[in-house]
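In: From the sequence below, what's the structure:
(chains A, B, C and D)
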Protein chains: 2
Amino acid sequence: MNGRRTAKDAPHGLNNTAASLLGFLHERPMTGWDLVAAAEDLMGDFWSITRSQVYRELSSMAGAGLVEELERGKRDRRPYAITEAGRKAFADWSAVLPAEEAVRFPLLLMLTLGRHIPREHLVAAVEHHRAVHKSRLARYEDQFADMSDPYAVATLSFGIQYERAVLAWFDGLPEEITGVPPKRSPGAAGAP
Amino acid sequence: MNGRRTAKDAPHGLNNTAASLLGFLHERPMTGWDLVAAAEDLMGDFWSITRSQVYRELSSMAGAGLVEELERGKRDRRPYAITEAGRKAFADWSAVLPAEEAVRFPLLLMLTLGRHIPREHLVAAVEHHRAVHKSRLARYEDQFADMSDPYAVATLSFGIQYERAVLAWFDGLPEEITGVPPKRSPGAAGAP
DNA sequence: CCGCCGACAGTCCATTGTGGAATGTTGCCC
DNA sequence: GGGCAACATTCCACAATGGACTGTCGGCGG
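Out: Okay, here's the model as predicted:
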């Protein structure tokens, strides 16, 4: 086919979560707790890592020599530093094309099956989500003000564009689903 | 067998995957294979179910009496029909507000860590994804033509809006990442 | 008529990811 | 000096994924 490298034959052996940890550890040594906080802060809604996963990956990477455990601190605090092998593995990972995104949207599932669901439930679900997305967009636009790092801005911009698209989509939903006529034309296919 | 209350004994006891299967089975009896195909076809990129998961849920729901196994057909084909209890469980599920969507976007992870990644890798990743999204958008717009069911249209519209947003976002990415100046203003914060 | 290839159908398993409960520690406020 | 909130890790059950594996059948070339 195209001979492109995919995650399958990758020589680094990292999953995305492990790679993200190594990425953050480039800045400074951190504990699992710190790493969860950093990821939550920087990528919050479009990438998620969980405590359990983080600690699991850290100890497995420690075993593989990609990170090393530093002196324990207060409260059993256990910082890890990246090693040379870790930098190498991260560099290898970064050379591989990232996989396509996965979107799991239960509301869409519900709408797809909408034919078999009472209208009032559909309406309630849509209204709920509309509110959630509205407030997320507001939050992102707020954050956008004090941002300068172009990499952080890129991620945040994605969030803003995404939320705007979702909101526009809500506005174009047909009366069968929302109970009220669309605010805009279904908008999806026609010109903007 | 402990007395603990888990998701399984919740009012409806369905996870989203199980619920989606019951939803499809409202139309007609289907096999696991058919169900995977139906889900793939209708919700493809924004909801995914896997074979393993489907067969597991089917046999567990058969045990719970939510579906019943019909006569085996050729090639071990094993259709399931929804039961009254299944309809009830689905109705209960449909009354609950769907959870928020989860977006896992490895490219965003890569960009967030972009500071530690050679520019050429970032550029390659972005270009690759741009192509993927461009062709997905084209595919959706094609499909849009022969669609009448408003529920299917709603899902497809989401796809179209989403892909357009992603493409616009690509166009606004800064030179640090793409290697070329943005085609549009970063667009995220300013007025449309 | 036979052999075999490719699409169909289901099973199994390792790994990854999620969510929450349980446990312990420490700083700090009253 | 007691108690509470925030910090930090561990453990576990369950959900979801993806690929390998097995078997079945339909149709086509020889």
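In: what's the helix or strand bottoming out on mean pLDDT in chain A in contact with?
Out: Ranked by mean pLDDT, DSSP states H and E, the weakest helix or strand in chain A is helix A:175-178, scoring a mean of 86. Applying C-beta atoms under 8 Å, 6 or more residues apart in numbering or on different chains, the contact partners of helix A:175-178 are A:111, A:114, A:119, A:122-123, A:126, A:170, A:181-182, B:150-151, B:154. C-beta coordinates here come from the backbone N, C-alpha and C atoms, glycine included.
In: show me what contacts whichever residue of chain A sits closest to DNA strand C?
Out: Residue of chain A nearest DNA strand C, by C-beta to the nearest atom of the strand: A:S52 (2.9 Å). Contacts for A:S52 (C-beta under 8 Å, 6+ apart) come out as none.
In: List the buried residues in the strand or helix carrying it.
Out: A:S52 is part of helix A:51-63 when elements are defined by DSSP states H and E. Using 16 or more other C-beta atoms under 10 Å in any protein chain shown as the test for burial, helix A:51-63 gives A:53-55, A:57-58, A:61-62.
In: Test for you: state the pLDDT assigned to the nearest residue to A:P118 once chain neighbours are set aside.
Out: Of all residues not flanking A:P118 in the chain, B:S94 sits nearest, at 7.1 Å (C-beta to C-beta, 6 or more residues apart in numbering or on different chains). Predicted confidence (pLDDT) for B:S94: 92.
In: go on, A:E68?
Out: So A:E68 comes in at 93 (pLDDT).
In: cool, A:R78 as well?
Out: 92.
In: can you pull the contacts of it?
Out: Shown in contact with A:R78 (C-beta under 8 Å, 6+ apart): A:31-32, A:69-70, A:72.
In: ok, and which of these reach DNA strand C?
Out: Residues of the contacts of A:R78 in contact with DNA strand C (C-beta under 7 Å from any atom of the strand): none.
In: A:I160: which of those is nearest?
Out: A:I160 lies nearest to A:G32 out of the contacts of A:R78, by C-beta to C-beta, at 30.1 Å.
In: Please report the number of neighbouring residues for the closest one.
Out: Residues near A:G32, counting by other C-beta atoms under 10 Å in any protein chain shown, number 22.
In: So which bits of the least confident helix or strand of chain A are buried?
Out: For helix A:175-178, burial by neighbour count (16+ other C-beta under 10 Å) applies to A:177-178.
In: Contact partners for the nearest residue in space to A:R115 that is not next to it in sequence?
Out: Spatially, and ignoring its direct neighbours in sequence, A:R115 is nearest to B:Y151 (5.7 Å; C-beta to C-beta, 6+ apart). B:Y151 sits next to A:111-115, A:176-177 when contact means C-beta under 8 Å, 6+ apart.
In: Name the next helix or strand downstream of the longest helix along chain A, please.
Out: Across chain A, the longest stretch assigned as helix under DSSP state H is helix A:119-145. Where DSSP H and E defines the elements, the next helix or strand beyond helix A:119-145 is helix A:150-172.
In: Can you give me the buried ones in that next one?
Out: Result for helix A:150-172 [16+ other C-beta under 10 Å]: buried residues A:150-170, A:172.
In: got the residues of chain A near DNA strand C?
Out: Proximity of chain A to DNA strand C, by C-beta under 7 Å from any atom of the strand, involves residues A:15-17, A:48-53, A:74-76.
In: Would you write a PyMOL line that selects the buried entries of those residues?
Out: With 16+ other C-beta under 10 Å as the criterion, this PyMOL line picks the buried residues out of these:
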select buried, chain A and resi 16+17+49+53
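In: when you check DNA strand D, which of the residues of chain A next to DNA strand C turn up near it?
Out: A:51-52, A:74-76.
In: So of those, which two are at opposite extremes in space?
Out: The span of those, defined through C-beta to C-beta, is set by A:S52 and A:K74 at 22.6 Å.
In: Shouldn't A:V96 be within a helix?
Out: No - assigned with DSSP: H, G, I helix; E, B strand; the rest coil, A:V96 falls outside any helix and is coil.
In: How is chain A partitioned into domains?
Out: Following the assignment in automatic domain parsing, chain A carries domains at A:12-94, A:106-178.
In: and the ones you listed as JSON lines, adding distance to B:R130?
Out: Converted to JSON lines, the domains of chain A look like this (distance: least, C-beta to C-beta, whole Å):
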{"stretch": "domain A:12-94", "distance to B:R130": "17"}
{"stretch": "domain A:106-178", "distance to B:R130": "13"}
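In: okay, who's weakest in the contacts of B:Y151 by pLDDT?
Out: Across these, the bottom pLDDT score, 84, is held by A:E176.
In: distance of that one from A:I117?
Out: 11 Å (C-beta to C-beta, to the nearest Å).
In: Check the offset of stretch A:33-45 from the chain's centre.
Out: 10 Å (C-alpha atoms, centre = their mean, to the nearest Å).
In: touching chain B at all, that stretch?
Out: Yes - contact of stretch A:33-45 with chain B (C-beta under 8 Å from any C-beta of the partner chain) involves A:42-43, A:45.
In: tell me how far the ends of stretch A:68-82 are from each other?
Out: 6 Å (C-alpha to C-alpha, to the nearest Å).
In: Figure out how far that stretch is from the centre of its chain.
Out: What separates the centre of stretch A:68-82 from the centre of its chain is 27 Å, taken as C-alpha atoms, centre = their mean.
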